[in-house]
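**Q** This is a predicted model, with the sequence first.
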Amino acid sequence: MEIILFAILLSAGAGFFAYNAWKVRYNILLGQDIDRSDKKGERIKTMVLVAFGQKKMFSRPIPALLHLALYVAFVITQIELIEIAIDGLSGHHRFFYFKLGGFYSFMISFIEILSVLAFVATLAFLIRRNLLKLPRFTMKELIGWPTKDANIILIAEVVLICCIFSMNGADEVLYSRGGSHVEFAKGHYDFAISSWMGPLLFQNFSIDALHVIERIGWWGHILMVFAFLNYLPYSKHFHILLAFPNTFYSNLEQKGKFTNMESVTNEVKLMLDPNADPYAAPANPDEAPKRFGAKDVTDLTWKNLLDAYTCTECGRCSSSCPANVTGKLLSPRKIMMDTRDRLVEVGENYRKHGKGYDDGKSLIGDYITEEELWACTSCNACVQECPVNIDPLSIIVDLRRYLVMEESKIPSELTGMLTNIENNGAPWQFAQSERLNWANED
Amino acid sequence: MRVPTMAEKMANGESPDILFWVGCAGSFDDRAKKITKAIVKILNKCQVDFAVLGTEESCSGDPAKRAGNEFTFQMQAMMNIEVMNAYEVKKIVTACPHCFNTLKNEYPELGGNYEVIHHTQLIQDLINTGKLILEGGETFKGKKITFHDPCYLGRANDVYEAPRSLIEKLDAELVEMKRCKTKGLCCGAGGAQMFKEAEKGNKEINVERTEDALETQAEIIATGCPFCNTMMTDGVKNFEKEGDVKVMDVAELIAHAADL
């Protein structure tokens, strides 16, 4: 009976996750193409250092250590999940216990110690968010759902860890009384934490009650994992998976280099070429002319969209953004959140009404305002700070390009600056013929 | 001060080792012109075979590109590339990190392939090879100097060490701001902000940055960018500290120390 229930839950959990993951993939691939298939070696190295090795987290050591505890605990606990799956499907109890012997105790002890550290980290994160109210966790884009989302995840982690210790602790007491399913003999698991915490908590319970607690822990653990897995695609917490592809596909160019717009290059070449035929037919007459810059999420590249799903809303970008720290409207984190939220909306629309459906809304205007975009100094602090190599600046620039080149919406002083460049080759009104005057001035 | 132009050099059948790209600020802004002259003095002193484009130079297009106008940018870039390729330019030095970034990273895709260095890198090389000796001039020994990282030199192109090594060559005490190097705070001028009023907020970015600098108790705020120079100078004025704290380009400090 339990086996059937487990098998149903396992396939439902995995199936539903696969469906949601497919939706996310579909949405990301709505983006424009960009080639990130080069330099595989460097990409793998970046992924290993930044995602696996958490390199960029360590520019802030205390949160980095707390986060590391959670991260390592999460990764190592996957080993235990393999056993839970085997036990759940086969009806065994602690399948690896006899197979691995002393190493099993060592491994579970390791998981237990990491779980305690993760517990401490989770509490610290809850305190930091809800009691200390760190500025980057109280910015206005986090009001409402994002804050709730963060707390749900942290509380789920606390529950998960409690389940692990109920399971191991109750089983330890059962085993010491000869009542554990593992073998109906007396013994000790010798796990680092539950070997003393179990008796401390559960010594006075009856064998029947202990069996219930052990099962609650076991089922609670695996149910939380299924729930968590399926919560991910709806949550900011997707970074635990997407951090890996996102860092792999990082921009490996110098941060100062903005993308070259090929479509513009062709036109400028025509303009500068005295032999060009202005009435010549375009090279690809079937190809619809692409929009300059980005008005909506589908004008952005798939990497921009992957960035948006990878963002876990930590706010390091915004806390280092010169515009944000001086009270301007711009928040790079909000740029990423808006991009993701709009993409989810566009994806739903496309699946419901057909690809290309226009709901009359766009990323610019309905989500991101011009004022936000013009506050950016393009200083790259947000790009530098992101622990998973998200690039909010490239989105900001593409949105600016749309405003300027498609809508001619630009602050008036900048119109003057551009006119000067076009007329006299300098952003100020000085004649190009006076460019060398400094050499003769004292 | 000798300032040969590429046209003169070409007329004499010469091809200089390096083009000094002066930039718009360096050509027209009164404060930045002083930095340009300091660099020329250093180049002259070290007998570097250089030339400028003079009236053939035009805006690199950086502010147009950052403002989102790719057309204006590419027009500028292609015209400049045409001029520089005609002169067979191989190597460029510039005192403006914005020009530096654009020439180095954004011109190659449009047909302009040059080795581009920042003036602090060139000066570092001149000192290291013994061509420039810092003696006879103003002494900076023991003076507290802080360096403000220009975004387009630091984060954008990972040049952090060259300007700092020059400050250390002055025997000065290099004091770092709490936000420095990769974490350096922008002066507020990048991304075409230099040419417009800031959006509404509760503080100007250059004031926020100048606070960082003043906190170090430095007597000199050194920079390597004409726009940062303007922003920091305005920031110091905002705190009415212009009597106590000077904002100088690293090239000017070197020129003073070498009595140029």
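**A** Sure thing, it's come through.
**Q** Could you report the neighbour count for the closest residue to residue A:189 other than its chain neighbours?
**A** Among residues not flanking residue A:189 along the chain, residue A:172 sits closest, at 5.6 Å (C-beta to C-beta, 6 or more residues apart in numbering or on different chains). Quick note: C-beta positions are derived from backbone N, CA and C, even for glycine. Residue A:172 has 27 neighbouring residues, counting by other C-beta atoms under 10 Å in any protein chain shown.
**Q** what helices or strands is the helix or strand hosting residue A:172 leaning on?
**A** Here residue A:172, judged by DSSP states H and E, is contained in helix A:145-176. Packing contacts for helix A:145-176, counted by 3 or more C-beta pairs under 8 Å, 6 or more residues apart in numbering or on different chains; DSSP states H and E, involve helix A:61-90, helix A:102-130, helix A:194-202, helix A:207-231.
**Q** Does residue B:214 touch residue B:247 like I think?
**A** No - using C-beta atoms under 8 Å, residue B:214 makes no contact with residue B:247, being 11.4 Å away.
**Q** Settle it for me: which of those two has more neighbours?
**A** Using other C-beta under 10 Å, the more surrounded residue of residue B:214 and residue B:247 is residue B:247, with 24 against 18.
**Q** Smallest gap between the stretch 201-350 of chain A and chain B, at which residue?
**A** residue A:256 (2.7 Å; C-beta to the nearest C-beta).
**Q** Now do the contacts for that residue.
**A** When contacts are counted by C-beta atoms under 8 Å, 6 or more residues apart in numbering or on different chains, residue A:256 touches A:380, B:101, B:105, B:152, B:155-157.
**Q** How is chain B partitioned into domains?
**A** B:6-124, B:134-257 (automatic domain parsing).
**Q** Turn the ones you listed into CSV, columns for mean pLDDT and distance to chain A.
**A** Output for the domains of chain B, formatted as CSV (pLDDT from 0 to 100; distance: least, C-beta to the nearest C-beta, whole Å):
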stretch, mean pLDDT, distance to chain A
domain B:6-124, 97, 3
domain B:134-257, 96, 3
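**Q** Count the neighbours of residue 181 for me.
**A** Chain wasn't specified; assuming chain A. Neighbour count of residue A:181, defined by other C-beta under 10 Å: 16.
**Q** Chain B is the one I meant
**A** 16.
**Q** Show me what the mean pLDDT comes to for the helix holding residue A:172.
**A** Averaging pLDDT along helix A:145-176 yields 94.
**Q** for stretch A:300-320, same thing?
**A** The pLDDT scores in stretch A:300-320 average 97.
**Q** wait, does it make contact with chain B?
**A** Yes - Stretch A:300-320 lies within reach of chain B by C-beta under 8 Å from any C-beta of the partner chain, at residue A:320.
**Q** Quick check: buried residues in stretch A:415-433?
**A** Within stretch A:415-433, the residues that qualify as buried are A:415, A:417-418, A:420-421, A:424-428, A:430, A:432, counting by 16 or more other C-beta atoms under 10 Å in any protein chain shown.
**Q** Over to stretch B:92-108?
**A** Buried, per 16+ other C-beta under 10 Å, within stretch B:92-108: B:92-107.
**Q** quick one: terminal-to-terminal distance for that stretch?
**A** 13 Å (C-alpha to C-alpha, to the nearest Å).
**Q** thinking again about what came up before, the residue of the stretch 201-350 of chain A closest to chain B - nearest residue in space that isn't next to it in sequence?
**A** Nearest non-adjacent residue to residue A:256 (C-beta to C-beta, 6+ apart): residue B:156, at 2.7 Å.
**Q** For residue A:253, see how far away the one you found is.
**A** Applying C-beta to C-beta, to the nearest Å, the value for residue B:156 to residue A:253 is 10 Å.
**Q** same thing with residue A:12?
**A** 44 Å.
**Q** Equivalent analysis for residue B:245, please.
**A** Taking C-beta to C-beta, one finds residue B:245 at 37 Å from residue A:253.
**Q** nearest to chain B, of the helices and strands packed on helix A:145-176?
**A** When the helices and strands packed on helix A:145-176 are ranked by distance to chain B, counting by C-beta to the nearest C-beta, first place goes to helix A:61-90 at 13.5 Å.
**Q** Next SSE downstream of the closest one?
**A** Criterion used, DSSP H and E; the element after helix A:61-90 is helix A:96-100.
**Q** Spit out the contact partners of residue B:170.
**A** By C-beta under 8 Å, 6+ apart, residue B:170 lies in contact with B:134, B:140-141, B:143, B:145, B:253-254, B:257.
**Q** let me fix that: residue A:88
**A** Residue A:88 makes contact with A:2-3, A:6-7, A:10, A:222, according to C-beta under 8 Å, 6+ apart.
**Q** just the buried members of those residues?
**A** Those of the contacts of residue A:88 that meet the buried threshold are A:6, A:10, A:222, by 16+ other C-beta under 10 Å.
**Q** ok, of those residues, which one's closest to residue A:233?
**A** residue A:10 (18.0 Å; C-beta to C-beta).
**Q** Need the pLDDT of residue A:287.
**A** pLDDT recorded at residue A:287 is 63.
**Q** Specify the local secondary structure of residue B:92.
**A** strand (DSSP: H, G, I helix; E, B strand; the rest coil).
**Q** Kindly report the residues of the stretch 101-250 of chain A close to chain B.
**A** Proximity of the stretch 101-250 of chain A to chain B, by C-beta under 8 Å from any C-beta, involves no residues.
**Q** where are the low-confidence patches of the stretch 101-250 of chain A?
**A** Applying pLDDT under 70 to the stretch 101-250 of chain A flags residues A:183-184.
**Q** redo that, cut-off 80
**A** Counting by pLDDT under 80, the stretch 101-250 of chain A contains low-confidence ranges at A:181-185.
**Q** Please, which helix or strand holds residue A:22?
**A** helix A:2-28.
**Q** Give me the helices and strands touching that helix, please.
**A** Judged by 3+ C-beta pairs under 8 Å, 6+ apart, the packing partners of helix A:2-28 are helix A:61-90, helix A:207-231, helix A:302-310, helix A:332-353.
**Q** which SS class is the residue nearest to residue A:256?
**A** coil.
**Q** Run a quick neighbour tally on it.
**A** Residue B:156 has 26 nearby residues by other C-beta under 10 Å.
**Q** And for residue A:390?
**A** 32.
**Q** With adjacent residues omitted, what lies nearest to it?
**A** residue A:307 is the one closest to residue A:390 (C-beta to C-beta, 6+ apart), at 4.3 Å.
**Q** now residue A:74
**A** residue A:240 (6.8 Å).
**Q** Could you look up the SS state of the one you found?
**A** With three-state DSSP as the basis, the three-state label of residue A:240 is helix.
**Q** tell me the contacts of residue A:77?
**A** Counted by C-beta under 8 Å, 6+ apart, residue A:77 has contacts A:111, A:114-115, A:164.
**Q** Turn the residues you listed into a markdown table, columns for distance to residue B:58 and neighbour count.
**A** Shown next, in a markdown table, are the contacts of residue A:77 (distance: C-beta to C-beta, whole Å; neighbours: other C-beta atoms under 10 Å in any protein chain shown):
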| residue | distance to residue B:58 | neighbour count |
| --- | --- | --- |
| A:111 | 65 | 23 |
| A:114 | 61 | 20 |
| A:115 | 64 | 26 |
| A:164 | 67 | 27 |
